[in-house]
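S.K.: Take a look and give me a structure for this.
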Amino acid sequence: MLSQAKRENDSRIQMEKFGLEAIPNELKKTSFFEYFILQLAFSVNSGNFLVPALAVLTGGLSFYAAILSTVLGVAAAFLLVSLLSLPGANNGLPAQYAIRSILGTNVARFIASPIRTITSLYWFCVQTIGGTIVFIELIHEITGLKFSFTPIAMIFAVIMGLLALYGFETVKKAVKWFLPVLITGQIVLLIFFIRYQSTNETLTSLSNQDWNYQNFFLFASIAFVQYVSGVSASSDMARYAKSAKIAFWGLFTGNTFGFFMTALLAAFSASLLGEWNPFVGAVAISHSIPFTALILLCSMVSMISINMNNAYTGGFSLLNTFHGIGRIKSSIIFGLAAVGLSLFPVLIEEAQTFISYLGAFIIPVSAVIVIDFLYIQKASLSEELLSRVLNNRYPINFYALWAMLIGSIIYLIFPKNASPGFVSFFVTGLVYFCIHIIGKRKKRL
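M.R.: Below you'll find the predicted structure:
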């Protein structure tokens, strides 16, 4: 099996040293509750408000329909994401290394890992840019001061990159420190919206739109596509789980409940205020400095939480491509790139274009990973297969390449209003499954 890295104990600094090698069993100590609060902390952030809010603002869905639609789509995605955490929990392997046994070593290193790295890098930058804009607006609301974007974005990006550099235990501890602020902020924000709604609206006004089933399905599929790409990263966090069951249920329940809270706040803000970001919308009408200060703190903590995850998984993806540099160097390189790109707000201004092109690659890859692991490998990586990967005897899965190519083409040519990501995911999965079955029968003849 894979060799285990030596632990370096330093009384001053505890930095994660493990790279692509398996985590020793004695370090697998993370509980269900710890995974639950980790995922809960990662969920409520400005980037995740967008889809539920747009379901109301552009999809014409009611408050209740928007929540139900997006939560159903997300729950389906998180079910797959949680199942793909099993290689991490069972084998102690990071996601991108485990994916070598699915796509082949070369495909995983030079196609899947760069795509995952770029995806993590992009979302890190989007969260940083969006969080910086919110910070500047709320500070101006409290103090009247107007800060420059660039230095604030740089400071945030450096802090988040450094926290992720220190590794999983640091991320876990930081989230525990942040949790009281996050929970308090969310409860206060929810109470604010409920009181505002009861004062200015009737309860039935939140459901007065017609149930447009086409848009209901559309936004469920958009939510599914936005989060299913997590299948290529979920093993990174699950490596330290006490058991596979703990990792699965901790990730699934934490992610799903966290998104429910996200959708609830976003749908309230969109329905009552016409604003997609509840942090910004609530502050705009509250005119309370203590309330604004709490929301500011909550929004910053939520941004830092999710970006520690983006930087942590992005560093592992980069390491899988350039495995000779080690985890620490790969994290530093990722962090430097993240800091630099976070200074360009155009990444948010042209978000639709960037997300579209990212989706054309990450969605077909995700579909192949899901079908191969769940249906072909029966949700378990065999010792024989891992040995082939370790000895570089499984370089390319050509069936996967063909299916991914077909899926990317479908994504790019399908109409944007027909959820091309959702169609691409299922067509890619079906094509890959069929190609694999046909290939298996030919080998028997």
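S.K.: low pLDDT regions in the stretch 1-150 of the chain?
M.R.: 1-15, 19 (pLDDT under 70).
S.K.: And the helices in it?
M.R.: Secondary structure of the stretch 1-150 of the chain, counting by DSSP state H, counting those that start in this stretch: helices at 32-43, 46-57, 63-83, 86-91, 95-98, 100-103, 105-107, 113-143, 149-165.
S.K.: Among these, pick out the one with the most neighbours on average.
M.R.: Sort the helices of the stretch 1-150 of the chain by mean neighbour count, taking mean count of other C-beta atoms under 10 Å, and helix 95-98 sits at the top with a mean of 28. Backbone N, C-alpha and C define where each C-beta goes, glycine included.
S.K.: circling back to that earlier point, of all the helices of the stretch 1-150 of the chain, which one comes closest to residue 272?
M.R.: Closest to residue 272 of the helices of the stretch 1-150 of the chain is helix 63-83 (C-beta to C-beta; 8.5 Å).
S.K.: Check the gap between residue 346 and residue 27 for me.
M.R.: According to C-beta to C-beta, to the nearest Å, residue 346 and residue 27 sit 41 Å apart.
S.K.: Comparing those two, which shows the higher neighbour count?
M.R.: Just comparing residue 346 and residue 27: by other C-beta atoms under 10 Å the higher neighbour count belongs to residue 27, 16 against 10.
S.K.: which residues touch the more buried one?
M.R.: residue 240 (C-beta atoms under 8 Å, 6 or more residues apart in numbering).
S.K.: Just the angle for the strand or helix carrying residue 328 relative to helix 149-165, thanks.
M.R.: Assigned by DSSP states H and E, residue 328 belongs to helix 326-341. Helix 326-341 and helix 149-165 meet at an angle of 170 degrees, taking axes from the mean of the first three to the mean of the last three C-alpha atoms, to 10 degrees as the criterion.
S.K.: continuing past helix 326-341, what's the next helix or strand?
M.R.: Going down the chain from helix 326-341, the next helix or strand is helix 346-349, by DSSP H and E.
S.K.: Can you pull out the residues in contact with the helix holding residue 328?
M.R.: So helix 326-341 is in contact with 15-19, 117, 120-121, 124-125, 128, 154, 157-158, 160-162, 164-165, 167, 311-312, 314-316, 318-319, 322, 325, 347, going by C-beta under 8 Å, 6+ apart.
S.K.: If we go by neighbour counts, what in it is buried?
M.R.: Of all the residues in helix 326-341, those buried under the rule 16 or more other C-beta atoms under 10 Å are 327, 328, 330, 331, 332, 333, 334, 335, 337, 338, 339, 341.
S.K.: got a pLDDT number for the last one?
M.R.: Pointing back at residue 341 there. pLDDT recorded at residue 341 is 92.
S.K.: The helix or strand hosting residue 255 packs against which elements?
M.R.: Per DSSP H and E: residue 255 is located in helix 244-273. Contact here means 3 or more C-beta pairs under 8 Å, 6 or more residues apart in numbering; DSSP states H and E; on that basis helix 244-273 packs against helix 32-43, helix 46-57, helix 63-83, helix 86-91, helix 168-200, helix 234-238, helix 278-286.
S.K.: Swap in 10 Å and give it another go.
M.R.: Here helix 244-273 touches helix 32-43, helix 46-57, helix 63-83, helix 86-91, helix 168-200, helix 213-228, helix 234-238, helix 278-286, going by 3 or more C-beta pairs under 10 Å, 6 or more residues apart in numbering; DSSP states H and E.
S.K.: Among those, which comes closest to residue 401?
M.R.: Residue 401 lies closest, by C-beta to C-beta, to one member of these: helix 213-228, at 20.0 Å.
S.K.: now the closest one against helix 46-57, angle please.
M.R.: Interaxial angle, helix 213-228 versus helix 46-57 (the same axes, to 10 degrees): 170 degrees.
S.K.: Show me what helix 213-228 packs onto, helices and strands only.
M.R.: helix 46-57, helix 63-83, helix 244-273, helix 351-371, helix 420-444.
S.K.: a markdown table for those helices, including distance to residue 102?
M.R.: Converted to a markdown table, those look like this (distance: least, C-beta to C-beta, whole Å):
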| stretch | distance to residue 102 |
| --- | --- |
| helix 46-57 | 27 |
| helix 63-83 | 13 |
| helix 244-273 | 17 |
| helix 351-371 | 6 |
| helix 420-444 | 10 |
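S.K.: Good, wrapping up.
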